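Colleague: Fold the following, please.
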Amino acid sequence: CDSLFADAHTAAMFALQYGLAPVHRPNASEQSLRDGGKVTIMGLTFSNPVGIAAGFDKDGAVIQQAFDLGCGMLEIGSITLEPQPGNPKPRIFRLVEDGGVINRCGFNGLGSQVAKQNLETYMQRKMATNRGSTSGSGNERVLGINLGKNKIPSRSTPLEEYQELIGLLGPFADYLVINVSSPNTPGLRDLQASDKLRALLQGCIESRDVLVQQLNAEAGDGATPTTIDANADEQTSNANKNDGSRRHIPLLVKLAPDLSLQEMELIAEVLMEMKVDGMVLTNTSNQRPTSNNTSSSSGGNLLRSRNRHEVGGLSGTPIKDMSTDRIRTMYRLTNGSIPIIGVGGIANGYDAYEKVCAGASLVQLYTGMVYGGAGAISRIRKELAEVLIQHGHRSVEDAVGSDHADMYWKRQQSKMVAHAEQ
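Modeller: Residues are numbered from 1 along each chain as shown. Alright, predicted model coming up:
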């Protein structure tokens, strides 16, 4: 269980650090898509729609190597302001028979200062080797940084923790994610309540805006940014050049799959009001499936593994449908106005396609790599491209939200009108 998973993760990190992991090779199916399968949302260009979710590289230790696996985005973290050991072991359990994992890690990590050092090293090496690139170059590697709060508060309020993290790590990010949905940090999910979420996001957006203004001003003056190393404007990757020479750092929020419809309705109103740049849907679940279409916090009848009753967040195949349903619901509640990164139970290209049709513009996996290995990214990219082509789509964008027939065809008609007017 925990020791086996930890040993496997340690081995994977070792393989990446020493160049022993596979490197992605282009596939013909993907190349036949429009723009080679690229996706442009939030002012960012992603080389492909398949990424690695937060939790795999918690401290940003193998950023370049993870990109070499073929992911269109890598989301490191969750990173907390201060280092913390996480919850007591054992805390990770494979559900092999179910294709799932239960974890109660609790944001274990080395903290923001170590993450900052790793990010500085990554940027310096990227500049030295001329690897990675800026937006529009054809080799877009988008780096997201997922931010969490400490179990034992390190500042007087959670907002102060997130704001300090934004100032410290934001300069290195192509996008930032405010994680308010891990089930393993006491009180964290309470921040999803609409009033608390509104206040939190307002403060985080203000801090992001101040940071962006500062970085743009310093870049315009030719000054060295006070929050990052010299030449940092050149060192940063995709997002930081997405408007000519001006930088923008999209801010997203990561939500739980265990929300009720009423809670999602209230959250959707807040996200639209605050003009949040995107959503990551979803985190792991406290619930356990009890039928093909429902779930229960006290069930587990459909789970076969002996570890199914362990406490913690459930991920992987058992929450695939739940996650896709939340994507579909939030897409409709926001009228498709807020981009979605879909996470939860993606093991193959069709799983990814289902999330795209539900409303996700991008997808991420982690548990899928636990069972599919390091080559899962390349395989799913190829399979997703094949499924898109089979259904008559020329790009991921063409399929986004196609489950919502009324909204989908209105959007297609608008595109045709816009194209005709050009």
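Colleague: What ranges in the stretch 51-200 of the chain fall below the confidence cut-off?
Modeller: Scanning the stretch 51-200 of the chain for pLDDT under 70 picks out the ranges 130-139.
Colleague: Give me the mean pLDDT for stretch 412-422.
Modeller: In this model, stretch 412-422 has a mean pLDDT of 74.
Colleague: so how many other residues sit close to the residue nearest to residue 329 when sequence neighbours are not counted?
Modeller: Of all residues not flanking residue 329 in the chain, residue 264 sits nearest, at 5.6 Å (CB to CB, 6 or more residues apart in numbering). For the C-beta atoms, the positions are set from N, CA and C on the backbone; glycine is no exception. Using other CB atoms under 10 Å, residue 264 has 19 neighbouring residues.
Colleague: Regarding residue 264, what is its secondary structure?
Modeller: Put simply, residue 264 is helix when judged by DSSP: H, G, I helix; E, B strand; the rest coil.
Colleague: isn't it right up against residue 326?
Modeller: Yes - with contact taken as CB atoms under 8 Å, residue 264 and residue 326 are classed as touching, separated by 7.2 Å.
Colleague: can you tell me how far the residue nearest to residue 329 sits from residue 120?
Modeller: Shown here: residue 264 relative to residue 120, a distance of 39 Å by CB to CB, to the nearest Å.
Colleague: Residue 409: neighbour count?
Modeller: So residue 409, with other CB under 10 Å, has 11 neighbours.
Colleague: Would you mind measuring from it to residue 84?
Modeller: Distance of residue 409 to residue 84, given as CB to CB: 49 Å.
Colleague: Could you do residue 63 as well?
Modeller: Residue 63 is 21 Å from residue 84, by CB to CB.
Colleague: between those two, who's got more neighbours?
Modeller: Neighbours per residue, other CB under 10 Å: of residue 63 and residue 84, the larger number sits with residue 63, 24 against 19.
Colleague: Tell me who's in contact with that one.
Modeller: For residue 63, the contact set (CB atoms under 8 Å, 6 or more residues apart in numbering) comprises 57, 74, 76, 118, 119, 122, 143.
Colleague: 10 Å instead, please
Modeller: 16, 57, 74, 76, 118-119, 121-123, 125-126, 132, 141, 143, 172 (CB atoms under 10 Å, 6 or more residues apart in numbering).
Colleague: what's the answer for residue 349, then?
Modeller: Per CB under 10 Å, 6+ apart, neighbours of residue 349: 29, 50, 363, 379-388.
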